[in-house]
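Engineer: Need coordinates for the following:
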Amino acid sequence: MKKKKISKSIIAIVVILIIASTFILIENLISKKEVEVNSTYYTGFVSRVQKLDDTLAKTSEIESNREIEQMFDVYTSIILVNDRLTLLKENTKSFPDINVLINDFLIFRDEYGYLVKRSIRR
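Structural biologist: Predicted coordinates:
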């Protein structure tokens, strides 16, 4: 009788451990997927920022007759960075200061857009 009670207790503990380990495994898989998604969006954002940096570097090396074309390329890159930031915010559990970064890039976009318009009007 005592052995049956002990074996039933052991079986119950084993079943509980199996169920708990299954939940932990599922949680780890979900967490891993979230990390992959975050990584993909963050990589896209970093890539766009690097492209913007390259475009800005080329701007200082160009002749003045292509200045407006190059400024438009920079403006387009700024818009694409803003789009990547929006995707990062909407599709990931992002870092807390992302709204500040989005706001800064929006201000940068608006100010640079004004410069492009002014250059085109000349």
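Engineer: If you count contacts, what does the helix or strand encompassing residue 50 end up packed against?
Structural biologist: Assigned by DSSP states H and E, residue 50 falls within helix 2-59. Judged by 3 or more C-beta pairs under 8 Å, 6 or more residues apart in numbering; DSSP states H and E, helix 2-59 is in contact with helix 67-91. The way it works is simple: take the backbone N, C-alpha and C, and place the C-beta from them, glycine included.
Engineer: buried ones in the helix it packs on?
Structural biologist: Neighbour-count burial for helix 67-91 flags 70-71, 73-75, 77-82, 84-85, 88-89 (criterion: 16 or more other C-beta atoms under 10 Å).
Engineer: From the contact counts, what lies against it?
Structural biologist: Short answer (3+ C-beta pairs under 8 Å, 6+ apart): helix 67-91 packs on helix 2-59, helix 98-121.
Engineer: so who does residue 116 touch?
Structural biologist: Residues near residue 116 by C-beta atoms under 8 Å, 6 or more residues apart in numbering: 68, 71-72, 75.
Engineer: want to throw the helices and strands packed on helix 67-91 into a markdown table with mean pLDDT?
Structural biologist: Below are the helices and strands packed on helix 67-91 laid out as a markdown table (pLDDT from 0 to 100):
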| stretch | mean pLDDT |
| --- | --- |
| helix 2-59 | 85 |
| helix 98-121 | 85 |
